[in-house]
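> 3D, please:
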Amino acid sequence: MKYMLLLYSAENAGPEMGSPEQAAEMQAWFAYTEALVSAGALVAGDPLQGVDTATTVRVRDGETSMTDGPFAETKEMLGGYYLIDVPDLDTALDWAAKVPLAPYGSVEVRPLMELPPR
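A predicted model of the protein is given here:
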């Protein structure tokens with residue numbers, strides 16, 4: 001079963017850029033990703049650019065509007081994701097608890113909807 005691990009944190013949460021702590025955290029991210037690969041669980045994953053690069057598109061009554069920024073104002077921003085393929089929700093939750101930002105952010109775990117073949 002496939003699950004999305006959606007990674008959220010406050011925009012300036014985590015170690016300061018360029019600090020030794022940030023370098024150590026990057027190594028933790030590399031190790032986490034490699035563990036997913038080694039387990040055969042990683043389907044995809046990428047960090048996202050900051051919320052200042054986002055554009056939200058809405059179509060209402062045939063009219064398209066575009067707004068700079070994310071859909072909603074929140075304290076935490078979506079910073080990236082992992083798409084994993086694991087046997088069950090418990091395994092997905094175990095992987096989510098190991099994400100390096102879990103101590104200062106949050107990881108939303110959502111199963112992908114399985115659609116019948118066309």
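
> Can you tell me which residue is spatially central in this structure?
Nearest residue to the geometric centre of the chain (C-alpha atoms, centre = their mean): Tyr81, 2.5 Å.

> helix/strand/coil for Met113?
Under DSSP: H, G, I helix; E, B strand; the rest coil, Met113 falls in the coil class.

> Longest helix in the protein, please.
helix 20-38 (DSSP state H).

> Alpha carbons of it, in CSV - could you do that?
What follows is helix 20-38, C-alpha atoms only, in CSV (Å, rounded to 0.1, in the frame of the first residue of the first chain):
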residue,chain,number,x,y,z
PRO,A,20,27.0,22.5,12.4
GLU,A,21,23.6,21.4,13.6
GLN,A,22,22.1,21.9,10.1
ALA,A,23,25.0,19.9,8.6
ALA,A,24,24.3,17.1,11.0
GLU,A,25,20.6,17.2,10.3
MET,A,26,21.3,17.0,6.5
GLN,A,27,23.3,13.8,7.2
ALA,A,28,20.2,12.5,9.1
TRP,A,29,18.0,13.2,6.1
PHE,A,30,20.4,11.4,3.8
ALA,A,31,20.6,8.4,6.2
TYR,A,32,16.8,8.4,6.5
THR,A,33,16.3,8.4,2.7
GLU,A,34,18.9,5.7,2.3
ALA,A,35,17.1,3.6,4.9
LEU,A,36,13.9,3.9,2.9
VAL,A,37,15.7,2.9,-0.3
SER,A,38,17.4,0.0,1.4
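
> Alright, calling it a day.
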